[in-house]
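> I need the structure of the sequence given here:
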Amino acid sequence: MLNGHFRWIAARHDWGVWDEFVVVLAVVFMFVFLLRSRESLRKEKDPDPKQYIKVFNLAFYSQGMEVTGDAIQTADEVVLMQGHSKTDPNGQVSIANAFEAPGSAFCLVGLFKHAQQLNPGLFANPESFLLTLSNGKVLHRDVMAKTYPRLRWRWARRRAQRRSSPFGRGASTMWDQGMPSEDIMRRGRWSSQLLSG
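Residues are numbered from 1 along each chain as shown. The predicted structure follows:
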């Protein structure tokens, strides 16, 4: 199911054009790290300055050593470090990582490598908002809503409910794969218990 959704989105965007590729990157990035829209998309005129992810929130590693600049092309791991969030008003750092999945078109590390090739200037400025379009504006959440119709979200949610998953969207896949609820909650930075009983 998951790869089908990603393929559906990927087929509708030109991966060689930054403004189209950034939509594909956003979908996979938000899914892998269970990100809220205010952390990665723009709702108003400008992104939330406290919660929005910037380039400096990412670190790339190759065989356990941090790499920067052109060496990002050798990375086999990406680490996301977040501070302030809705569930963490004190700004304690949350860290999550994703490893390279060679051969997968939707490997997040591979997508970031492609992003750096398409837009090296973005990665050269640590203060850049991550999902910034060529016009200088951050990708708006309405674009994402049109890209990934609500019907598909509802279908995924119904499927998750039929399988007795207490989570929605990306988290339901982790639940289906047997990840403990505490690990899913930690990765999604959820502060309350979602399971009953």
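
> tell me the helices and strands packed up against the longest helix anywhere in the chain.
Ranked by residue count and defined by DSSP state H, the top helix of the chain is helix 18-32. In terms of contacts (3 or more Cβ pairs under 8 Å, 6 or more residues apart in numbering; DSSP states H and E), helix 18-32 is packed against helix 2-10, helix 37-40, helix 108-118, helix 141-147, helix 170-176. The way it works is simple: take the backbone N, C-alpha and C, and place the C-beta from them, glycine included.

> check which element follows the longest one along the chain.
Of the helices and strands lying after helix 108-118 in sequence (DSSP states H and E), the nearest is helix 120-124.

> who are the packing partners of that next one?
Taking 3+ Cβ pairs under 8 Å, 6+ apart as the contact cut, helix 120-124 packs with helix 108-118.

> about what we covered before: just put the helices and strands packed on helix 18-32 in a markdown table and tack on mean neighbour count and mean pLDDT.
A markdown table is the format used below for the helices and strands packed on helix 18-32 (neighbours: other Cβ atoms under 10 Å; pLDDT from 0 to 100):
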| stretch | mean neighbour count | mean pLDDT |
| --- | --- | --- |
| helix 2-10 | 14 | 73 |
| helix 37-40 | 20 | 80 |
| helix 108-118 | 19 | 95 |
| helix 141-147 | 15 | 76 |
| helix 170-176 | 19 | 60 |
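
> okay then, goodbye and thanks.
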